[in-house]
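Asks: what follows is a predicted structure for the sequence shown.
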2 protein chains.
Amino acid sequence: MPQTADTNRRVVLSERPNGLPDAKTLQLEHSEVPTPGADQVLLRTRYLSLDPYMRGRMNDAKSYAEPVKLGEVMTGQVVAEVMQSNCEGYAPGDHVLAGSGWQDYALSDGTDLRNLGQTPQNPSWYLGILGMPAYTAYAGLLEIGAPQPGETVVVAAASGPVGATVGQIAKIKGCRVVGIAGGPEKCAHVVENLGFDACLDHKSETFAADLKAACPQGVDIYFENVGGKVLYAVLPLLNAFARMPVCGVVSWYNLSGLPDGPDFGPAIMGTILRMKVKVQGFIIYDSFPPSLFKDFIRDMTGWLESGEVTYKEQVIDGLEHAPAALNDLLLGNSFGKMVVKVG
Amino acid sequence: MPQTADTNRRVVLSERPNGLPDAKTLQLEHSEVPTPGADQVLLRTRYLSLDPYMRGRMNDAKSYAEPVKLGEVMTGQVVAEVMQSNCEGYAPGDHVLAGSGWQDYALSDGTDLRNLGQTPQNPSWYLGILGMPAYTAYAGLLEIGAPQPGETVVVAAASGPVGATVGQIAKIKGCRVVGIAGGPEKCAHVVENLGFDACLDHKSETFAADLKAACPQGVDIYFENVGGKVLYAVLPLLNAFARMPVCGVVSWYNLSGLPDGPDFGPAIMGTILRMKVKVQGFIIYDSFPPSLFKDFIRDMTGWLESGEVTYKEQVIDGLEHAPAALNDLLLGNSFGKMVVKVG
């Protein structure tokens, strides 16, 4: 059933997953379209962003954000259109960035919205290259990574929205950039379209040796977004005073406990010690000052206009396909920034 | 055989250890006392420092410093007396800080020495509370840890020279300080003499629960010098934006490979991500500007004079006992800063 004017489709968290989400995890419900009160706007979702952090919100565990409660609408960022407005500063037809989650309609008092105007070019880009994933790449690479010309930067999930942006910015900053992606098609895209110096297939049996060969000067910055075997292959290559911004460990998000050994703890901590590595986790909206976001928008707008940064989206058509698409994302089967066209 | 005027006893690395050093690892040799050339001084060792990093130098592995070569004198910092001098700035009777290792006599051109004058008070202290271990504590805690009043600081090996100093400085900075040590005697010393708020015995079966109970507000700074089960007990307690200076992982120094699982990699990296932790390895003499050392000497001298910092040494008498003493240190059986009185 597509988006309609008189029903609100809502994808709710009905059961906490053990490992990969399954058919019982997220369920589609129907309710009435809500009516805005005084000082509220009614939003109709156009695009929903799918992002790896969503898996973490399904767990009932201490994290940087509250878990989604059972029976609640699944969390997520959207670009929505204002349908009715009782709220100063918002008019019907305005597009806004909202955190209203996996549903067709939502109410807001306007305080949690960013107004994108009546006819934004590429509205879905505010969920990617002009939004959270690209800002994550920008802030983590520049503020924690602090790349210097000639340094070697390694980034996994290189065809994804964060990795692709990290690598392209690192190239602009004069670095040698080695990407890691799953499969030859993604690797070819990363080198040919994104301009990385090399891209290695982590599914190859010779992956660790390939990575070493691609980094003859060692690794100065490893932008960590996947964890797992990629991290373990990078560790022996880190140079003295290497930096490791950590924005995700997606390969581990479906773990329901610690995996079997050996224990890589001594390898991680020993490398940090010996090579004087700085490893820093960050969550984009509370690790950096708001002024940095303005720098990001200014720089990224310029890079997109000059063609120094290019952007690839994978658009899923229909809210009902969002749960399966999120699993694809978690399994590394997405290609480009995944957004769901909701209406 | 004690130190004499006409023989140079040298402890050389005769075999690389697999795990804990044994009788074949370090061997005592005798040679002639060397004769200083033009622009050289002859040094006679008074005190040799024993430190955990020495275990790492026995391995033939990529690290922050070159490994000791087989047949070479084992590396180490000493306080020595100048016996003969052909070197401007040094006179017989001067005490110097030198890196001449586990032997009675050595030559130097003076460029690698620090002159402590003719009659330094407590010469061995330049190997501890006025030297590398205490400077490691000072720089790591203040520059990477950046303690704020009211924060909770956890430090392991709390009765050792680094941990004891970390905790005492953290108290001066207004923090709640929780130490970890091996056995009730060390724990009592840490609380009663060093003024920590609490000290927990890592040999206790309830250690992880004890640590949690001692940190009701979570942990803001974990000064990492041991790794292993202490690290794994701290991880779930880390607060948002916690800092972890890493100056050692001594519980892992005797590993000859990765230990059995489970793999704590996901716990380490996942915590860094979710709690936005900064983990930074450092090596004291190349991670900080020289001006910081002057600040350290100024502050530490004041704290020792005021009694805000106290210092405990364990003095081993005789170079021939140094190998066994180093093993005690690596096994956690030392109590206070270990120095060998060589002559």
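Replies: Cool, got the structure.
Asks: A:Ala170 contacts A:Pro147, doesn't it?
Replies: Yes - contact criterion CB atoms under 8 Å: A:Ala170 and A:Pro147 qualify, at 5.5 Å. For glycine as for every other residue, the C-beta is placed from the backbone atoms N, C-alpha and C.
Asks: between the two, what contacts are shared?
Replies: A:141, A:153, A:221 (CB atoms under 8 Å, 6 or more residues apart in numbering or on different chains).
Asks: how about the first one, nearest residue that isn't a chain neighbour?
Replies: Once its chain neighbours are removed from consideration, A:Leu141 has its nearest residue in A:Val166; the separation is 5.1 Å (CB to CB, 6 or more residues apart in numbering or on different chains).
Asks: contacting residues around that neighbour?
Replies: By CB under 8 Å, 6+ apart, the contact set of A:Val166 is A:137, A:140-141, A:153, A:155, A:223.
Asks: same list (those) but as a markdown table, adding distance to B:Leu200 and secondary structure.
Replies: A markdown table is the format used below for those (distance: CB to CB, whole Å; DSSP: H, G, I helix; E, B strand; the rest coil):
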| residue | distance to B:Leu200 | secondary structure |
| --- | --- | --- |
| A:Ala137 | 41 | helix |
| A:Gly140 | 35 | helix |
| A:Leu141 | 39 | helix |
| A:Val153 | 41 | strand |
| A:Val155 | 40 | strand |
| A:Phe223 | 37 | strand |
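Asks: within the helices and strands, which one has A:Val11?
Replies: Using DSSP states H and E, A:Val11 falls within strand A:8-13.
Asks: pull the distance from that strand to the chain's centre.
Replies: Relative to its parent chain, strand A:8-13 has a centroid offset of 22 Å by CA atoms, centre = their mean, to the nearest Å.
Asks: helices and strands around it, which ones?
Replies: Here strand A:8-13 touches strand A:26-31, going by 3 or more CB pairs under 8 Å, 6 or more residues apart in numbering or on different chains; DSSP states H and E.
Asks: so how far is the strand it packs on off the chain centroid?
Replies: Put simply, strand A:26-31 sits 25 Å off its chain's centre (CA atoms, centre = their mean).
Asks: what angle sits between it and strand A:8-13?
Replies: Here strand A:26-31 points in a direction 150 degrees away from that of strand A:8-13 (axes from the mean of the first three to the mean of the last three CA atoms, to 10 degrees).
Asks: just the buried positions in strand A:26-31, please.
Replies: Using 16 or more other CB atoms under 10 Å in any protein chain shown as the test for burial, strand A:26-31 gives A:26, A:28.
Asks: repeat that for stretch A:186-201.
Replies: Under the neighbour-count criterion of 16+ other CB under 10 Å, stretch A:186-201 has A:186-187, A:189-191, A:194, A:196-201 buried.
Asks: with just CA atoms, put that stretch into CSV.
Replies: Only the C-alpha atoms of stretch A:186-201 are listed here, as CSV (Å, rounded to 0.1, in the frame of the first residue of the first chain):
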residue,chain,number,x,y,z
LYS,A,186,32.0,-1.3,-5.7
CYS,A,187,35.8,-1.2,-5.8
ALA,A,188,35.8,-0.1,-9.5
HIS,A,189,33.3,2.7,-8.6
VAL,A,190,35.5,3.9,-5.7
VAL,A,191,38.6,4.2,-7.9
GLU,A,192,37.0,5.3,-11.2
ASN,A,193,34.3,7.6,-10.0
LEU,A,194,35.4,8.7,-6.6
GLY,A,195,39.1,9.0,-7.4
PHE,A,196,40.6,6.9,-4.6
ASP,A,197,44.2,5.7,-5.3
ALA,A,198,43.2,2.1,-4.7
CYS,A,199,40.3,0.1,-3.4
LEU,A,200,40.5,-3.4,-2.1
ASP,A,201,37.9,-6.1,-1.9
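Asks: what sits up against it?
Replies: A:158-159, A:164, A:167-168, A:171, A:176-184, A:207, A:210-211, A:214, A:310, A:312, A:335.
Asks: OK, contacts around A:Asn333?
Replies: Contact partners of A:Asn333, counting by CB under 8 Å, 6+ apart, are A:Gly182.
Asks: circling back to that earlier point, make TSV from the shared contacts of A:Ala170 and A:Pro147 and add neighbour count and pLDDT to it.
Replies: Below are the shared contacts of A:Ala170 and A:Pro147 laid out as TSV (neighbours: other CB atoms under 10 Å in any protein chain shown; pLDDT from 0 to 100):
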residue	neighbour count	pLDDT
A:Leu141	26	98
A:Val153	27	98
A:Ile221	27	98
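Asks: quickly name whichever of the residues you listed is closest to chain B.
Replies: Checking the shared contacts of A:Ala170 and A:Pro147 against chain B by CB to the nearest CB gives A:Ile221 as the nearest, at 14.5 Å.
Asks: element containing the closest one, please.
Replies: Applying DSSP H and E as the criterion places A:Ile221 in strand A:219-223.
Asks: so for the residue of the stretch 201-343 of chain A found nearest chain B, what pLDDT did the model give?
Replies: Nearest residue of the stretch 201-343 of chain A to chain B, counting by CB to the nearest CB: A:Gly261, 1.7 Å away. You'll see A:Gly261 listed with a pLDDT of 87.
Asks: nearest spatial neighbour of it, skipping sequence neighbours?
Replies: In this structure, A:Gly261 finds its nearest non-sequential neighbour in B:Gly261, 1.7 Å apart by CB to CB, 6+ apart.
Asks: does A:Ile316 really touch A:Val340, like I thought?
Replies: Yes - the pair A:Ile316 / A:Val340 is scored as a contact, 4.7 Å apart, by CB under 8 Å.
Asks: neighbour-wise, which of these two wins?
Replies: Taking neighbours as other CB atoms under 10 Å in any protein chain shown, A:Ile316 and A:Val340 compare with A:Val340 leading, 27 against 23.
Asks: that older thread, can you tell me which of the buried residues of stretch A:186-201 are in strands?
Replies: Taking DSSP state E as the definition of strands, those contribute A:198-201.
Asks: biggest separation within those residues, which pair?
Replies: Between any two of these, the greatest separation by CB to CB is 11.0 Å, found for A:Ala198 and A:Asp201.
Asks: need the helix or strand of chain A with the lowest average pLDDT.
Replies: Sorting the helices and strands of chain A by mean pLDDT, DSSP states H and E puts helix A:284-287 at the bottom, at a mean of 86.
Asks: next, the buried residues of the helix or strand following it.
Replies: Counting by DSSP H and E, the next helix or strand C-terminal to helix A:284-287 is helix A:290-306. Within helix A:290-306, the residues scored as buried using 16+ other CB under 10 Å are A:292, A:296, A:299-300, A:303-304.
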